[in-house]
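S.K.: 3D, please:
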Amino acid sequence: MGLTLGFGQRIGGVVQTAFVVADIHAAIAHFQRDCGAGPFFLLDHFLGEGQVYRGAPSEADVAIAMGFAGHMQIELIQPLDEHPSVYRETIEAMGYGFHHFGIAFTDVDAALPDYLARGHTLAFRAPVPTGGSVAYLESADPVAPGFLELIPATEGMNTLFTAQWQAAQDWDGQTAPVRPFL
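M.R.: Numbering: from 1, shown residues only. This is a model prediction of the structure:
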């Protein structure tokens, strides 16, 4: 749990805060203007194969943007269709806003049973291009906001997130505020 990733966060700790948004470009502008985050790396469509939402195959398409505010990665997610998903269910239940905290693990499959034993429910599972699969967990605790996303801390994830963090360190706040996903 003490291992640190290239962007300064430790494995086993929160590395990401995520929000579902109605308009990804407006949300990027807000986080840049009002929170000092950026630049953001935008993936116009993410419709990965192998998604499983609440035990059934899923085909939800989303736009994703990631940027850093200090050492915290901010993820913005805009659903692009009406397919059932953890993103749509949050919007329907609470509206747009906070969605999940992302926690990095060297082995998501090894971390998952402990969360399930503590009463969390697996709501979503999907392979990611940086290797491994993410797992979204819902807590039975009414105090817990949103989901927890267990993120595989693969070499690919560390390289991607570190490159995005490094871009934030060198960013002047104006040049290329929205960039293609690395």
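
S.K.: Output the below-cut-off pLDDT ranges for the protein.
M.R.: 1-2, 182 (pLDDT under 70).

S.K.: all helices for it, in order.
M.R.: 24-35, 86-94, 108-117, 155-170 (DSSP state H).

S.K.: can you put the ones you listed in TSV and add mean neighbour count and distance to residue 10?
M.R.: For glycine as for every other residue, the C-beta is placed from the backbone atoms N, C-alpha and C. What follows is these, written out as TSV (neighbours: other CB atoms under 10 Å; distance: least, CB to CB, whole Å):
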stretch	mean neighbour count	distance to residue 10
helix 24-35	16	23
helix 86-94	17	25
helix 108-117	13	14
helix 155-170	16	12
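
S.K.: quick one, strands of this structure?
M.R.: Using DSSP state E, the strands of the chain run over residues 14-20, 40-46, 52-53, 56-57, 62-69, 72-79, 97-105, 121-127, 133-138, 147-152, 178-180.

S.K.: so which of these comes closest to residue 3?
M.R.: Closest to residue 3 of the strands of the chain is strand 97-105 (CB to CB; 9.2 Å).

S.K.: okay, the closest one in CSV with CA atoms only?
M.R.: Output of strand 97-105 as CSV, limited to C-alpha atoms (Å, rounded to 0.1, in the frame of the first residue of the first chain):
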residue,chain,number,x,y,z
GLY,A,97,-22.3,16.0,-10.2
PHE,A,98,-20.0,13.8,-8.1
HIS,A,99,-19.9,10.2,-9.3
HIS,A,100,-17.0,8.3,-7.8
PHE,A,101,-13.6,8.2,-6.1
GLY,A,102,-11.0,6.2,-8.0
ILE,A,103,-8.6,4.1,-5.9
ALA,A,104,-5.5,2.5,-7.5
PHE,A,105,-4.6,-1.1,-6.8
